[in-house]
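A.B. asks: This is a predicted model, with the sequence first.
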Amino acid sequence: MRVTGAMFYYYFVCRRKLWLFAHDLRYEDTDENVVLGRLLDQSSYERETKHIMIDGTVNVDFIQDWTILHEVKKSRSIEEASIWQAKYYLYFLQERGIEIKKAILDYPKLRKRQKVALTQNDRATIQCTLEDIEKIITLRTAPDIIEQPICRKCAYFEYCYI
């Protein structure tokens, strides 16, 4: 099974969102927050070659000099998920023989950066997470609603609550 970066990110945000996304229920194209994030992505780091698709599975924002992986984010509101997504990208690339040692989460609107490294403990966590993602995706029905403040800004809000 191929686990995309978005799926890995959604695992840390909301298991229901992960399940819906994996079952091709996608509301991101019309969501205002997602559209704003895409506009930010397009207008940031214009000199870089962006959106590098690797093995038809992960889509990295850009890789600087093939040494530093960069992910551009709109805000730090779900930073843990962003950190794990970057770690997953490092893991994914290393599993394919591409040695990139670190990642940087770029927050252009905030003019901030967060360095991310992959440890041996992280590798074990990622392997367990991949197994858990597979279990979630193969459930017959979507996991329960998490009812968190982030739900109000989620592309799936109407699906879950209305």
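C.D. replies: Received the coordinates, thanks.

A.B. asks: for the nearest residue to R76 once chain neighbours are set aside, phi and psi?
C.D. replies: Once flanking residues are discounted, R76 sits nearest to Y107: 6.2 Å by Cβ to Cβ, 6 or more residues apart in numbering. For the C-beta atoms, the positions are set from N, CA and C on the backbone; glycine is no exception. Backbone torsions of Y107, given as degrees, to the nearest 10, read phi -120, psi 80.

A.B. asks: Would you confirm that Y107 contacts S77?
C.D. replies: No: applying Cβ atoms under 8 Å as the test, Y107 and S77 come out as separate, 10.5 Å apart.

A.B. asks: These two - which one has more neighbours?
C.D. replies: Y107 (19 against 13; other Cβ atoms under 10 Å).

A.B. asks: how near is that one to T57?
C.D. replies: Remark: distance between Y107 and T57 (Cβ to Cβ, to the nearest Å) = 25 Å.

A.B. asks: again with F8
C.D. replies: F8 is 10 Å from T57, by Cβ to Cβ.

A.B. asks: This structure: helices as residue ranges?
C.D. replies: 5-13, 15-22, 32-43, 79-95, 120-137, 157-161 (DSSP state H).

A.B. asks: any idea which of those scores lowest on pLDDT?
C.D. replies: Note on the helices of the chain: helix 32-43 shows the lowest mean pLDDT, a mean of 60.

A.B. asks: residues touching K101, list them.
C.D. replies: 67-68, 90, 117 (Cβ atoms under 8 Å, 6 or more residues apart in numbering).

A.B. asks: Just the pLDDT for it.
C.D. replies: pLDDT at K101 comes out at 84.

A.B. asks: quick one, phi psi at it?
C.D. replies: Torsion angles, degrees, to the nearest 10, at K101: phi -80, psi -30.

A.B. asks: How much space separates the closest residue to Q114 other than its chain neighbours from Y11?
C.D. replies: Excluding its sequence neighbours, the residue lying closest to Q114 (Cβ to Cβ, 6+ apart) is L105, at 4.2 Å. Applying Cβ to Cβ, the value for L105 to Y11 is 17 Å.
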